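J.: Let's see this in three dimensions:
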Amino acid sequence: MTVIGVDDTDSRERGMCTTYLAARIAETLGDSGRDSEGHNSSSRNSGSQDSGSRDTTGRARRPVADRTPSVERLLLVRLNPAVEYKTRGNAALAIHTDADPETAFEIAREAVAETAETDDPRTNPGVVVAPGDPEVVPEEVADFARNAVREHLTVEDAEERIESAGYRHAGWKVGRGKIGALAAIGAWAGFGGRDGEWTYECISYRERDRWGTPREVDAESVFAAANDAYPVAWDTVDRETGELVCVPHTPGPILHGIRGDDPETVREVADAIESESVERRATFVTNQGTDAHLRDGDLREVEDGKSYRVSGAVATAPETRRGGHVFFDLESEDGDSDSNAELPCAAFEPTKRFRDRVRSLRPGDRITACGEVAQGTLKLEKFAVRDLNRTEFVTPNCPDCGRSMKSAGAGQGYRCRDCKTTAPGKVEREVARDLEIGWYEVPPEARRHIAKPLIRGGFDAPVHPEK
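T.: All right, here's what the predicted structure looks like:
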């Protein structure tokens, strides 16, 4: 086996998509043995900075192929969503193939050189090729993959491990894509291999001459297919707003992407959608929808650029600020008031109706909050209500006439001016709550690729999923 890792080939403004490049590499591998006249294929100089094996002419060696290579799987790995240099979903790709490493390296290197949007100053592609089974990579490579989903890593970190493992690699410009490429190589082993928690995405790609133009997708067919396949296929649409979540708005090659728990189901949904012509289609094994980016944390120890699952008590009433963003403070509860910590939490405007759930919180509610910490604030992706504060203290009513009593003065309680009845202080009253115990989440149109939808199950309390 051979594993090809690729990352950072796309652009926010110019489009492209690394999943598209991976699909092309996989197809090219099947045609890599012979040219149209039956001769060995020759290599081309791609202009990349690589450390692959070279012959005396300076060209990369490419062995004679005696059979057509096959691809066992395409792996789409979502990395740390808080990384500054990401495009949108921070995806890295791996191709698991039985092609020999030298052929695999040259094909991948050429494909990146021809297709990557390197004119964008933010695009810095990287290719890494590893010989051997993806389940038995060195432990330091598997660790690197796990860290790449939760930490910030450097090109130097990646290159040190690449050289230590003896992998072929190529980088364009500063080569930042080597980070994701190496992480993609280690991800299969790093996240459990065949026993890991994996989901699937079937991605359909547009004809090349249609990139950057409005997509033609029949919404009615999307909703029909989504409803038939739910909940095995999820985040295809947002039923509340009518948004086609599976259809991107970027200028790249993706027509639509269908995510779910079963590969056949996501392909069936893709097949059922009526749209413009599809150039090619590929199904990826992925860590999307798994919450792999979250770590259990303590309010005193959270750091910017990482994502957490933290618990505490709501300390302040939710406040809607300019722009429609909703903020409140979460405080730790450990019985020691001197060591308590507070963490601002926010539901930003793009989370739409989720903000109403957040506005329903009250001081004293105990919750678990999940999300990325940035500039000292946790950006909510979901939260679980553990315990609700169902009471409040209010001015007492007169037991004789039923009217609200008035203050009798500082520290003197309350009295009814008409009936002359008194009360020592405020009384406790039960409050009706809109929330219930359990998990709440942002709607599908606001969900991060790696965040786990509640409908997938496996949570530690009842769920209130958004559809």
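
J.: Which of the three states applies to E106?
T.: With DSSP: H, G, I helix; E, B strand; the rest coil as the basis, the three-state label of E106 is helix.

J.: Quick one: neighbours of it, just the number.
T.: Number of residues near E106 (other Cβ atoms under 10 Å) recorded here: 27. Using the backbone N, CA and C atoms, a C-beta is placed for each residue, glycine as well.

J.: for T422, same thing?
T.: 14.

J.: Just to check, it is in contact with G409?
T.: No - between T422 and G409 there is no contact under Cβ atoms under 8 Å: 11.5 Å.

J.: what about R357, is that helix, strand or coil?
T.: helix.

J.: Which residue, other than its chain neighbours, is closest to it?
T.: Once flanking residues are discounted, R357 sits nearest to Y440: 4.6 Å by Cβ to Cβ, 6 or more residues apart in numbering.

J.: Please name the bridge partners of that neighbour.
T.: F383, H464 (DSSP bridges).

J.: and it, what is it in contact with?
T.: F354, R357, K382, F383, A384, V385, H464 (Cβ atoms under 8 Å, 6 or more residues apart in numbering).

J.: which residues touch the nearest residue to Y167 once chain neighbours are set aside?
T.: Among residues not flanking Y167 along the chain, A130 sits closest, at 4.8 Å (Cβ to Cβ, 6+ apart). A130 makes contact with T2, V3, G5, P101, V137, V141, A165, Y167, I185, according to Cβ under 8 Å, 6+ apart.

J.: now those in a markdown table, with pLDDT, distance to V285 and neighbour count?
T.: Below are those laid out as a markdown table (pLDDT from 0 to 100; distance: Cβ to Cβ, whole Å; neighbours: other Cβ atoms under 10 Å):
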| residue | pLDDT | distance to V285 | neighbour count |
| --- | --- | --- | --- |
| T2 | 98 | 17 | 23 |
| V3 | 98 | 13 | 29 |
| G5 | 98 | 14 | 34 |
| P101 | 97 | 21 | 21 |
| V137 | 97 | 16 | 23 |
| V141 | 98 | 18 | 26 |
| A165 | 97 | 22 | 20 |
| Y167 | 98 | 21 | 27 |
| I185 | 98 | 14 | 34 |
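
J.: so of these, which ones are in strands?
T.: T2, V3, G5 (DSSP state E).

J.: doesn't A183 make contact with the last one?
T.: In other words, G5. Yes - counting by Cβ under 8 Å, G5 does reach A183; the two are 7.4 Å apart.

J.: Spell out which residues are contacts of both of the two.
T.: A92.

J.: Mind checking what secondary structure A183 has?
T.: With three-state DSSP as the criterion, A183 reads helix.

J.: go on, the one 5 residues further on?
T.: Per three-state DSSP, the local secondary structure of W188 is helix.

J.: Check the gap between it and N287 for me.
T.: 10 Å (Cβ to Cβ, to the nearest Å).

J.: swap in V278?
T.: Applying Cβ to Cβ to V278 and N287 gives a distance of 25 Å.

J.: Which one's more surrounded, these two?
T.: N287 (25 against 15).

J.: Which pLDDT value does the model give the more buried one?
T.: pLDDT for N287: 98.

J.: So K173 belongs to a strand, correct?
T.: No - K173 sits outside any strand when classified using three-state DSSP, being coil.

J.: Verify the stated contact: it with N124.
T.: Yes - between K173 and N124 there is a contact at 4.5 Å, judged by Cβ under 8 Å.

J.: Which neighbours do those two have in common?
T.: Listed as contacting both K173 and N124 by Cβ under 8 Å, 6+ apart are T118.

J.: Which one of these two is surrounded by more residues?
T.: A count of neighbours by other Cβ under 10 Å puts N124 above the other of K173 and N124, at 22 against 18.

J.: hmm, who's touching stretch 287-300?
T.: Applying Cβ under 8 Å, 6+ apart, the contact partners of stretch 287-300 are 76-78, 80-81, 149-150, 187, 191, 197-199, 201, 234-235, 259, 306-310, 312, 330-332, 339, 341-343, 370, 372, 449-453, 456.

J.: 6 Å instead, please
T.: Outside stretch 287-300, the residues that touch it by Cβ atoms under 6 Å, 6 or more residues apart in numbering are 77-78, 81, 149-150, 197, 199, 259, 307-310, 312, 332, 341, 343, 370, 449-450, 452-453.

J.: can you give me how far it is from the chain middle?
T.: Averaging C-alpha positions (Cα atoms, centre = their mean, to the nearest Å) puts stretch 287-300 11 Å from its chain's average.

J.: Buried residues, that stretch. List them.
T.: N287, Q288, G289, T290, D291, A292, H293, L294, G297, L299 (16 or more other Cβ atoms under 10 Å).

J.: First-to-last residue distance for that stretch?
T.: In stretch 287-300, first residue to last residue: 29 Å (Cα to Cα, to the nearest Å).

J.: that's a helix at D271, yeah?
T.: Yes - assigned with three-state DSSP, D271 falls within a helix.
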